[in-house]
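> Give me a 3D structure for the following:
(2 chains)
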Amino acid sequence: MSDPPGTNPIGTHPIGSDPTGTGPTQSGTTGSYPKYAQTRPGHAEPAIEVLEHAWPVRLTHWLMAASILLMIGSGWRIYNASPIFPFRFPDAFTLGGDVNVALTWHNDPGVASAIQWHFAAMWLLALSYLLFVAWGALSGHFRRDFLPVGPQSFLRDFIAAARFKLEHHLGEYNAVQKVFYWGALALVLLMIVSGIAIWKPVQTYPLEVLFGGFQGARIVHFLGMAGICGFIVVHLALVALVPTTLVAMVVGRVTGHAPLAGHATADAMEHPP
Amino acid sequence: MSLDRRALVRGGMSLGALTLLTGCDLSDNDVVQGVLARFSAWNDRVQAALFNPNKLAPTFPEAQAVKDFRYNAWYAAKDAPALDAASYRLTLAGLIANKKPWTVDQLYALPQVSQVTRHICVEGWNMIGKWSGTPLRTFFERIGADTTARYVGFECADGYYESMDMATALHPQTIMAFKLSDEFLPRQYGYPFKIRVPTKLGFKNPKFVTTIFVSNLRPAGFWPDRGYNWFSGI
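Numbers count the residues shown, from 1 in each chain, chains lettered A, B, ... in the order given. You can find the predicted model right below:
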């Protein structure tokens, strides 16, 4: 995908739908993006940026977040039963109950419980992932907010971010973010497909051949998990930098002043009204 | 948004994260175990629907078969039961027409097939082996087992017990394995025979089988009774 000229929005736009129905009726839209705010920094009024998440996005986001945590915690316990690399995860960071209690009662280091968690949470993950992708595709959320993105814009924004010069606009994703979201969605899909290859290596044979056999599928499943963990770390770090995004993902809508180069109040001081 | 509301939301989120972090304790909660058991029962049904009775497990060149197959049990190999061919009898029970017990010689005289298939353990490791023996389906025809019944159960000399759905029991690769690597089963591998079922996880392959029974009530399993999924098809 290339970057069509003139589609890099300079203002802001709401994420997802506009349940109030008032946003896009205001003037000052650029390209296809509905705009809440028109005023540019330095003008009499600071621009108001809006970050909005429709309820299906919020619901499926949190369902995916919870199920992914359950999958990782239980997956680490299952991994410990027969590690593919020369290390084990500390039991305290795994899911599946007290290891010593399970050993005493069941002669099993809690792998039974971990597998139960894993094969219960997988339904929650698959369902919420499916709903998230279906809603994102059908509502236009992906097209509006995750596109366009291409190598050029990714490189440009990546370099800017590395120099700490990437402006953050509430309600607008830069190209690095877009690539990260597509990457996370692709990783979850990889986990589902490689997971099926491990769960049903006979019924789905030769699916495992895609991953270099049964043990290859286990390695791919592990690496996909590592990639998702990496995404979570970056995701949480960015949320910590701009905490209002967390509020938006919970209550649905937040507003802020633009541009928001790291800190809204600092910017407001630079450009006093 | 006021700061109070923000603080409230963030506090709530922290609490939510904390709850997730203590999830390991939740595993031992009775209500949680009940919910997980229901999911496991649901997975039994899904797996039964996914099971294709005509789909064969992949087979491998004989050269890939491991000679020193991994010993796996909850006790040491030296503690494995040593069954005596002279006194051993296979007991038959349940919905079977001819329940006459079988001796080792009678069993070993049955028609046999060989398979080089992959044993996949619930822990994640796998191993290819060559097993030879009689398809359970052939044996069921000899003894007049009611193959319209739903389940087959096994009891073993080491205290182990397992069971499976009839569809899997009748699968052409489900055999009473008398030999591993062309040799009569060594003691620790389950002499005089084990059930080799390559369409299920390793723990669904009971060793030292002393009783086979057919039933419409689902029999238990040693590891399923300890929380592992009962169907455990692969």
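
> for chain B, what are the low-confidence residue spans?
Along chain B, the parts satisfying pLDDT under 70 run over B:1-25.

> can you tell me which residue is nearest the centre of it?
Most central in chain B under CA atoms, centre = their mean is B:Lys204, positioned 0.6 Å from the mean C-alpha point.

> Which parts of chain B are helices?
Taking DSSP state H as the criterion, chain B carries its helices at B:3-21, B:23-26, B:30-50, B:104-108, B:136-143, B:166-169.

> Now do the same contact list for the nearest residue to A:Gly171 once chain neighbours are set aside.
Computed as CB to CB, 6 or more residues apart in numbering or on different chains, the closest residue to A:Gly171 that is not its neighbour in sequence is A:Leu51, at 4.1 Å. Just so you know, the C-beta spots here come from the backbone N, C-alpha and C atoms, and that holds for glycine as well. Contacts of A:Leu51 were listed using CB atoms under 8 Å, 6 or more residues apart in numbering or on different chains, and they are A:14-15, A:170-171, A:244-245, A:248, A:253-256.

> just checking, which of the residues you listed belong to helices?
Reading helices off the contacts of A:Leu51 with DSSP H, I get A:244-245, A:248.

> Show the buried residues in the residues you listed.
By the neighbour-count criterion of 16 or more other CB atoms under 10 Å in any protein chain shown, these include these buried positions: A:244-245, A:248.

> Closest one of these to chain B?
Set against chain B, the nearest of those by CB to the nearest CB is A:Thr244 (8.0 Å).

> what pLDDT does the closest one get?
The predicted structure scores A:Thr244 at 90 on the pLDDT scale.

> So it sits against A:Gly256, correct?
Yes. Counting by CB atoms under 8 Å, a contact exists between A:Thr244 and A:Gly256, whose distance comes to 5.9 Å.

> shared neighbours, those two?
When contacts are counted by CB under 8 Å, 6+ apart, the set common to A:Thr244 and A:Gly256 consists of A:51, A:170.

> Can you name the residues that contact the closest residue to the residue nearest to the centre of chain B other than its chain neighbours?
Spatial nearest neighbour of B:Lys204, excluding adjacent residues (CB to CB, 6+ apart): B:Ser232 at 5.3 Å. B:Ser232 is in contact with B:47, B:122, B:200-201, B:203-204, B:224, counting by CB under 8 Å, 6+ apart.

> from those residues, which two are the most distant?
For the contacts of B:Ser232, the farthest-apart pair by CB to CB is B:Gln47 and B:Phe203; their separation is 14.8 Å.

> any idea how far A:Gly110 is from A:Leu246?
32 Å (CB to CB, to the nearest Å).

> what about B:Arg38, how many neighbours?
Taking other CB atoms under 10 Å in any protein chain shown as the neighbour definition, B:Arg38 ends up with a count of 11.

> my bad, B:Arg218
Taking other CB under 10 Å as the criterion, the count of residues near B:Arg218 is 15.

> Can you name the residues bridging to the closest residue to it other than its chain neighbours?
Of all residues beyond its chain neighbours, the one nearest B:Arg218 is B:Tyr151 (5.3 Å), with distances taken as CB to CB, 6+ apart. Using DSSP bridges, the beta-bridge partners of B:Tyr151 come out as B:Asp165, B:Ser215.

> At the geometric centre of chain A, which residue do we find?
Residue closest to the average C-alpha location in chain A (CA atoms, centre = their mean): A:Tyr181, at 5.2 Å.

> So for that one, what's the pLDDT?
Reading off the confidence values, A:Tyr181 has pLDDT 95.

> Same question for A:Leu59.
We note a pLDDT of 97 for A:Leu59 in this prediction.

> That one sits in which helix or strand?
When elements are assigned from DSSP states H and E, A:Leu59 belongs to helix A:55-81.

> Let me know the next secondary structure element after that helix.
Of the helices and strands lying after helix A:55-81 in sequence (DSSP H and E), the nearest is helix A:99-106.

> Point out the other helices and strands that that following helix packs with.
Helix A:99-106 makes packing contacts with helix A:111-139 when contacts are defined by 3 or more CB pairs under 8 Å, 6 or more residues apart in numbering or on different chains; DSSP states H and E.

> Just want the angle from the helix it packs on to helix B:30-50.
Computed with axes from the mean of the first three to the mean of the last three CA atoms, to 10 degrees, the direction of helix A:111-139 lies at 70 degrees from that of helix B:30-50.

> I'd like the mean pLDDT over whichever helix or strand comes after helix A:111-139, please.
Past helix A:111-139, heading to the C-terminal end, the next element that is a helix or strand (DSSP H and E) is helix A:141. Average pLDDT, helix A:141: 93.

> which helices and strands does helix A:141 pack with?
Using 3+ CB pairs under 8 Å, 6+ apart, helix A:141 is in contact with no helix or strand.

> which is the next helix or strand following it?
Scanning forward in sequence from helix A:141, with DSSP H and E defining helices and strands, the next element found is helix A:151-162.

> buried stuff in that next one?
Burial within helix A:151-162, assessed by neighbour count using 16+ other CB under 10 Å, is assigned to A:153-154, A:156-157.

> Those residues: which two are farthest apart?
Once CB to CB is applied, those give A:Phe154 and A:Arg156 as the farthest pair, at 7.3 Å.

> what do the two both touch?
Common neighbours of A:Phe154 and A:Arg156, counting by CB under 8 Å, 6+ apart, are A:Ala175.

> Show me what from the stretch 101-250 of chain A comes close to chain B.
Among all residues of the stretch 101-250 of chain A, those adjacent to chain B (criterion: CB under 8 Å from any CB of the partner chain) are A:101, A:106-108, A:110-113, A:115-117, A:119-120, A:123, A:199-203, A:205-206, A:214-215, A:218, A:243, A:246-247, A:250.
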